[in-house]
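Undergrad: sequence-free structure coming up:
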Ligand code: SF4
């Protein structure tokens, strides 16, 4: 089934199945490609025909090594990068480069480094008040109360409103960045490696905050991470990217317990812990090819332990593996039970840490 058809099928889905995602789509990405011109007229294919959808209130984990294109996808969704080709839909409406104010507000991004995204000269109160005033979200008389509510939502005391970014710890700054995103009442948060720059001791507390916001506010979250342990904890559905493409996608348990793409197996074999700041090296030979010189056929074939002649000739498309769950893989041998014989590697659960690890502002 073509992916656009799959996305449309989401809207009509009442029950999950191998060709239907479990929830109607709120955000749809269809055949998204981002190419950059480089020297000698060649193209760097940062993102190549990526399609997925996210349902209202769903958490989708987007995982892959550094440089696989996941941040570029995120920047397209929030309008920071104009895609070369492809379509973005929000509530069924097309999102172009000129977006309506409510569409810009509806999709907010939380970045890896909260400090660089905060104005060092503005107190938390000034940041939030300005946003609330510009977007006319509450009457003037209600702005202070809303600022305090936002602090409460992200687990900070009301007196944190008086502080400057430099007065907070890394975890607290990330909470402030999340409060700023929530101030404009988004429906979707794109969280790009939001815990990877944080100290080990506070990563789990920020993950708990995202879980809490998802359940309390029904927020839809696209959670981008190199760390499979983090993605496993938060996400109901997972998409794995390699060289600008999605190579496997499915329900969390299906992907983690029954991976059907050799690259996913390699990532699972690396089994990173929550506190790792870099993706453990996947257990496959060689380096990822350059996105300027992508191999023909299956882009993973030069490194794949299962590759056969067909793999260097024909590019596999993302298709159902028919496990009975929502599960797609881009591999000619996605139906083989042998392919996943070693893939069902239980990941360690993320370590819990104490909230007290974060310093008071
Ligand atoms: Fe490996 Fe071939 Fe599958 Fe690509 S199509 S992942 S090269 S087995």
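TA: Perfect, I can see it now. Source: prediction; values computed, not measured.
Undergrad: What is the burial count for whichever residue of the stretch 51-200 of the chain sits closest to the ligand?
TA: Taking Cβ to the nearest ligand atom as the measure, the point where the stretch 51-200 of the chain comes nearest the ligand is residue 64, at 14.3 Å. Any C-beta I mention is one placed from the backbone N, CA and C, and that applies to glycine too. In terms of burial, residue 64 registers 25 neighbours under the definition other Cβ atoms under 10 Å.
Undergrad: With the one 3 residues further on instead?
TA: Neighbour count for residue 67, taken as other Cβ under 10 Å: 15.
Undergrad: Confirm for me that it is in contact with residue 291.
TA: Yes - applying Cβ atoms under 8 Å, one finds residue 67 in contact with residue 291, separated by 7.4 Å.
Undergrad: Could you tell me which residues of the stretch 251-361 of the chain lie near the ligand?
TA: Contacts of the stretch 251-361 of the chain with the ligand, taken as Cβ under 6 Å from any ligand atom, map to 261-262, 298, 300-301, 304, 306-307, 311, 316, 331-333.
Undergrad: now with 8 Å?
TA: When proximity is defined by Cβ under 8 Å from any ligand atom, the stretch 251-361 of the chain lies next to the ligand at 261-263, 297-301, 304-308, 310-312, 316, 330-334, 339.
Undergrad: Which residue, neighbours along the chain excluded, lies closest to residue 132?
TA: residue 143 (5.1 Å; Cβ to Cβ, 6 or more residues apart in numbering).
Undergrad: ok so that neighbour is a strand residue?
TA: No - secondary structure of residue 143, determined by DSSP: H, G, I helix; E, B strand; the rest coil: helix, with no strand assignment.
Undergrad: surely it meets residue 133?
TA: Yes - at 6.8 Å, residue 143 and residue 133 qualify as touching, with contact defined as Cβ under 8 Å.
Undergrad: Where does the prediction get shaky in the stretch 201-350 of the chain?
TA: In the predicted model, the stretch 201-350 of the chain carries pLDDT under 70 at residues 270-283, 337-350.
Undergrad: So which residues of it form helices?
TA: 228-234, 252-257, 262-270, 309-313 (DSSP state H, counting those that start in this stretch).
Undergrad: what would the ones you listed look like in TSV with distance to residue 49 and mean neighbour count?
TA: Conversion of the helices of the stretch 201-350 of the chain to TSV gives the following (distance: least, Cβ to Cβ, whole Å; neighbours: other Cβ atoms under 10 Å):
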stretch	distance to residue 49	mean neighbour count
helix 228-234	22	24
helix 252-257	20	20
helix 262-270	17	24
helix 309-313	18	14
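Undergrad: In CSV, list the ones you listed along with distance to residue 157.
TA: Below are the helices of the stretch 201-350 of the chain laid out as CSV (distance: least, Cβ to Cβ, whole Å):
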stretch, distance to residue 157
helix 228-234, 25
helix 252-257, 34
helix 262-270, 39
helix 309-313, 57
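Undergrad: buried subset of the residues of the stretch 251-361 of the chain next to the ligand?
TA: 261-263, 297-301, 304, 306-307, 311, 316, 330-334, 339 (16 or more other Cβ atoms under 10 Å).
Undergrad: these two touch, right, residue 226 and residue 240?
TA: No - using Cβ under 8 Å, residue 226 and residue 240 do not qualify as a contacting pair, with a distance of 11.2 Å.
Undergrad: farthest residue from the center of the protein?
TA: Taking Cα atoms, centre = their mean, the residue of the chain most remote from its mean C-alpha position is residue 141, at 36.5 Å.
Undergrad: Kindly state the pLDDT recorded for that one?
TA: The pLDDT attached to residue 141 in the predicted structure is 94.
Undergrad: Tell me how many other residues crowd residue 314.
TA: Residue 314 sits with 12 neighbouring residues when counted by other Cβ under 10 Å.
Undergrad: so it touches residue 296, yeah?
TA: No - in this structure, residue 314 is not within contact of residue 296 by Cβ under 8 Å, at 9.1 Å.
Undergrad: how close does the residue nearest to residue 132 sit to residue 165?
TA: Relative to residue 165, residue 143 is positioned 20 Å away (Cβ to Cβ, to the nearest Å).
Undergrad: and those two? which has more neighbours close in?
TA: Taking other Cβ under 10 Å, residue 143 and residue 165 do not tie; residue 165 has more neighbours (21 against 18).
Undergrad: all strands of the stretch 101-250 of the chain, in order?
TA: Counting by DSSP state E, counting those that start in this stretch, the stretch 101-250 of the chain forms strands over residues 107-110, 188-192, 220-225, 237-242, 245-251, given from the N-terminal end onward.
Undergrad: Take those and lay them out in JSON lines including distance to residue 43 and mean neighbour count.
TA: Written out in JSON lines, the entries for the strands of the stretch 101-250 of the chain read as follows (distance: least, Cβ to Cβ, whole Å; neighbours: other Cβ under 10 Å):
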{"stretch": "strand 107-110", "distance to residue 43": "26", "mean neighbour count": "23"}
{"stretch": "strand 188-192", "distance to residue 43": "24", "mean neighbour count": "23"}
{"stretch": "strand 220-225", "distance to residue 43": "24", "mean neighbour count": "26"}
{"stretch": "strand 237-242", "distance to residue 43": "18", "mean neighbour count": "26"}
{"stretch": "strand 245-251", "distance to residue 43": "15", "mean neighbour count": "26"}
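Undergrad: so can I have CSV of these showing distance to residue 32?
TA: Written out in CSV, the entries for these read as follows (distance: least, Cβ to Cβ, whole Å):
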stretch, distance to residue 32
strand 107-110, 14
strand 188-192, 14
strand 220-225, 13
strand 237-242, 12
strand 245-251, 10
